[in-house]
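Chemist: Predicted model follows, preceded by the sequence.
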Amino acid sequence: MKYALVTGGSRGIGRAISLQLAQDLGYHILINYHSNKDAALETLKQLENTGNKGTLLAFDVSNYDEVQTALSQFQKENENAVIEVIVNNAGIVKDDLFMWMKPEDWHNVIKTSVNGFYNVTSLLTEKLILNRYGRIINIVSLSGLKGTSGQTNYSAAKGAVIAATRSLAQELAKKKITVNAVAPGFIATDMTSELDEKELKKLVPMQRFGKSEEVAHVVSFLASEKASYITGEVINVNGGIYS
């Protein structure tokens with residue numbers, strides 16, 4: 001059985017990615033969540049309603065020991081399981097101007113995106129190498145490319161993952177493992193629900209927020225064999241914002 005792991009896969013972009021990978025590529029989806037089990041169960045229900053399969057995996061990506069325990073236990077219980085696709089989607093925002101930013105808001109954002117990428121990917125990379133095939137896809141952000149006022153912590157975190165994506169891609173290319181990133185702009189999700197959409201969409205050449213599914217389609221393509229010669233790339237899904 002071949003699996004795809006989606007961290008933060010219970011809602012928003014993560015849910016859309018989970019559903020799309022199952023629908024397009026037939027993967028059994030490992031839906032990671034931290035605290036919102038109800039949302040994770042809803043994602044699982046939607047998967048099963050479309051004839052696909054999923055499994056819930058509860059762990060905090062920023063906690064190395066939790067990640068090790070959960071993934072090791074899964075591998076122990078499913079000896080023949082091959083996790084071919086890793087989507088590092090989990091992330092949090094704690095926005096504030098830098099001069100007022102609390103230490104915990106800096107560290108928690110960094111830990112979730114950067115340490116989360118390390119904790120999950122490092123544990124599974126050896127199996128990808130042995131399998132001589134794999135797809136690692138990191139969900140980053142427009143903020144990590146251009147910077148955003150009030151998001152110095154988030155921009156730093158996503159910028160770091162972008163740099164890590166490009167480096168790891170070079171390490172793993174010979175093993176037929178691609179490493180890419182997808183950088184959404186303004187996407188209509190729970191995370192952006194408190195933003196002033198009416199004003200912010202004026203900044204977008206397409207004059208609208210994106211949909212989670214529009215990000216998920218790009219991830220699904222990168223996870224497929226069609227994208228076998230694409231690695232170390234950051235693909236923007238942002239409606240044309242570049243300045």
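Modeler: Noted; the coordinates are in hand.
Chemist: hey, where'd the strands end up in the protein?
Modeler: Ranges of strands in the chain, per DSSP state E, are 2-6, 28-33, 54-58, 82-88, 134-139, 177-184, 234-237.
Chemist: Could I have the CA atoms of the least confident helix or strand in the chain by mean pLDDT written out in PDB?
Modeler: Least confident helix or strand, the chain: helix 197-200 with a mean of 74, by mean pLDDT, DSSP states H and E. What follows is helix 197-200, C-alpha atoms only, in PDB (Å, rounded to 0.1, in the frame of the first residue of the first chain):
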ATOM      1  CA  GLU A 197     -10.800  40.400   1.900                       C
ATOM      2  CA  LYS A 198     -12.500  43.300   0.300                       C
ATOM      3  CA  GLU A 199      -9.500  45.600   0.600                       C
ATOM      4  CA  LEU A 200      -6.800  43.000   0.100                       C
END
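Chemist: sorry, back to before: could I get the strands of the chain as a markdown table with mean neighbour count?
Modeler: To be clear about C-beta, it is placed using only N, CA and C from the backbone, and glycine gets the same treatment. As requested, those are exported to a markdown table (neighbours: other Cβ atoms under 10 Å):
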| stretch | mean neighbour count |
| --- | --- |
| strand 2-6 | 25 |
| strand 28-33 | 25 |
| strand 54-58 | 18 |
| strand 82-88 | 24 |
| strand 134-139 | 26 |
| strand 177-184 | 24 |
| strand 234-237 | 19 |
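Chemist: Point out the one among those that comes closest to S224.
Modeler: Distance to S224, taken as Cβ to Cβ, is lowest for strand 134-139 among these, at 8.1 Å.
Chemist: pLDDT score for the residue nearest to N115 when sequence neighbours are not counted?
Modeler: Spatially, and ignoring its direct neighbours in sequence, N115 is nearest to S62 (5.2 Å; Cβ to Cβ, 6 or more residues apart in numbering). You'll see S62 listed with a pLDDT of 97.
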